[in-house]
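1. What follows is a predicted protein model with its sequence.
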Amino acid sequence: MDFETLKDSQSNFDKISKQIEANLNPEDAAKNKSKYQDDRLWKPELDKTGNGYAVLRFLPASRTEEMPWARVWSHAFQGPGGWYIENSLTTLGQKDPVSEENTRLWNTGVDSDKEIARKRKRKLSYYSNIYVVSDAKHPENEGKVFLFKFGKKIFNKITEAMSPAFEDEKPINPFDFWSGANFKLKIRKVDGFWNYDKSEFEAVSPIGTDDVKIKEIWSKQYPLKPFLETSNFKSYNDLKEKLNRVIAGTKNTETASEIDLPPSTGGAPVKTASAVSASASVKSNEASKGVAGEDDTLSYFSKLAEDE
C-alpha cells in the first residue's frame, strides 16, 4: 500500500472493523525486572502515587501489512518445577498442550481442578505501533514511534471507539492519521494491579497537518508480522515437555524463563529475560487473581515484579 492509498482508504476502517467483530467471540471474551530492554517497546511508568499518564496515537498498518495490531496468546504460571512462561500455539491456530490440559481439568467437573485451570488460563496481548504525543515521565520519547504491548482492557477501549454503543456517538478509527484520535492513557493502582478504566480517546483530530511529516512517521513504523512467525513459538513437543516438568516438579527448571520478541533486523529472535524466580515470594492465589481477573499481561507481571 502506498501513502496516497493509505490516505484515501481511511486506514482500512472497514477491514479493521470486520477484524474486531471476528475477535469478539466468547473464546476471546511485563512489566518485570528485566535485565534486557527492547528499545522498540514503549512502556508506561507510574509516579510515586501509583498513577500513570501519557498521550499516545495508535498508528495504521505498516506498508506491507493489513492490520494495525498483532494478537498473541500466552501462558504464565508457576508450578512445583518452576515457571511456565511461553507463547501459546493457539495464536497460530494450532493445538497447545496447556490448553489441552486445561480442558481436561475443566471437564472433570471438580472444583479444585477448575481452579488450577483458571490459574493456567491463557492471556491475550496485542502489539501495535504508536506515536508518543506526551510522556511527562520521559519527555525524550515524545514525537517518536514505538511498539506498544497492551491487553484486553485497552483493546476494549479501541473496540468501543470503533463500535460505540449509543446512537449519539460517532464511530472513529483510532488508527487513522487524519480522522483518528489521540489516546489518553490513564493508569491507576487498584488492589495492587494496573487499572485502565479512566483511559479515553480525545476528539477526532489529524496527527499533523504536514503530509510529508506524516509519511515520515509511517516510514518509521515496525512490522508486526514477525510476532506471529513460528520462530517465536516452541514446538508442541517442547512445550509439552516443559509443562510436564513444571507440573511434576521432577526437574528444577530455569529460574528465569525467556520470551521471544521479533528481531529488529532479521536474525535470531531477541530474548527478553523474565526475572521471575521460581523462589519468588508470590503467593499462588495472588498470581491467580492477576490471571483470572484480567487478561492484561502488563498488570500481571507488574504485580509479580513488585512482590519479588
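-> Nice, thanks for sending it over. Residues are numbered from 1 along each chain as shown.
2. for this structure, which spans come out with low pLDDT?
-> Scanning the chain for pLDDT under 70 picks out the ranges 2-4, 7-36, 250-308.
3. 80 - rerun?
-> Applying pLDDT under 80 to the chain flags the ranges 1-37, 250-308.
4. helix/strand/coil for the residue nearest in space to the middle of it?
-> Nearest to the mean C-alpha position of the chain, by Cα atoms, centre = their mean, lies residue 125 at 2.8 Å. Following DSSP: H, G, I helix; E, B strand; the rest coil, we place residue 125 in the strand state.
5. and it, what is it in contact with?
-> 71-74, 149-151, 297 (Cβ atoms under 8 Å, 6 or more residues apart in numbering). Any C-beta I mention is one placed from the backbone N, CA and C, and that applies to glycine too.
6. Most neighbours among these, which one?
-> Neighbour counts for those (other Cβ atoms under 10 Å) peak at residue 297, which has 25 neighbours.
7. What helix or strand is residue 154 located in?
-> Using DSSP states H and E, residue 154 falls within helix 152-162.
8. Note down every partner strand of the helix or strand immediately after that helix in the chain and its orientation.
-> Next helix or strand after helix 152-162 toward the C-terminus (DSSP H and E): strand 181-190. Paired strands of strand 181-190, with direction, are strand 52-58 (antiparallel), strand 193-195 (antiparallel), strand 200-204 (antiparallel) (DSSP bridges).
9. got the buried residues for strand 181-190?
-> Across strand 181-190, burial judged by 16 or more other Cβ atoms under 10 Å covers 181-189.
10. The residue nearest to the centre of the chain bridge partners, please.
-> Here residue 125 sits in beta bridges with residue 72, as judged by DSSP bridges.
11. quick one: it and residue 147, what's the gap?
-> 11 Å (Cβ to Cβ, to the nearest Å).
12. Residue 60 too?
-> 14 Å.
13. and if you look at residue 46?
-> To residue 147, residue 46 is 20 Å away according to Cβ to Cβ.
14. Between these two, which has more neighbouring residues?
-> Neighbour count, other Cβ under 10 Å: between residue 46 and residue 147, residue 147 has more, with 21 against 16.
15. mind checking how far that one is from residue 58?
-> Per Cβ to Cβ, residue 147 is found 12 Å from residue 58.
16. quick one: the helices in the chain?
-> Assigned by DSSP state H, the chain shows helices spanning 3-8, 13-23, 97-107, 111-119, 152-162, 211-219, 236-248, 284-293, 297-307.
17. Pull out the buried residues from the fifth one.
-> It refers to helix 152-162. 152-155, 157-159, 161-162.
18. Over to the third one?
-> Residues 97-99, 101-102, 105 are the ones in helix 97-107 that count as buried (16+ other Cβ under 10 Å).
19. now that helix, how far from the chain's geometric center?
-> Averaged C-alpha coordinates place helix 97-107 at 23 Å from its chain's average position (Cα atoms, centre = their mean, to the nearest Å).
20. Give the other helices and strands that it contacts.
-> With contacts defined as 3 or more Cβ pairs under 8 Å, 6 or more residues apart in numbering; DSSP states H and E, helix 97-107 has these neighbours: helix 111-119, helix 236-248.
21. Ok, the fifth one next?
-> Packed against helix 152-162, as judged by 3+ Cβ pairs under 8 Å, 6+ apart, are the following elements: helix 13-23, strand 123-134, strand 181-190, strand 200-204.
22. Closest to residue 202 out of the contacts of residue 125?
-> Nearest to residue 202 among the contacts of residue 125 is residue 150, at 17.6 Å by Cβ to Cβ.
23. With adjacent residues omitted, what lies nearest to that closest one?
-> Spatially, and ignoring its direct neighbours in sequence, residue 150 is nearest to residue 126 (5.4 Å; Cβ to Cβ, 6 or more residues apart in numbering).
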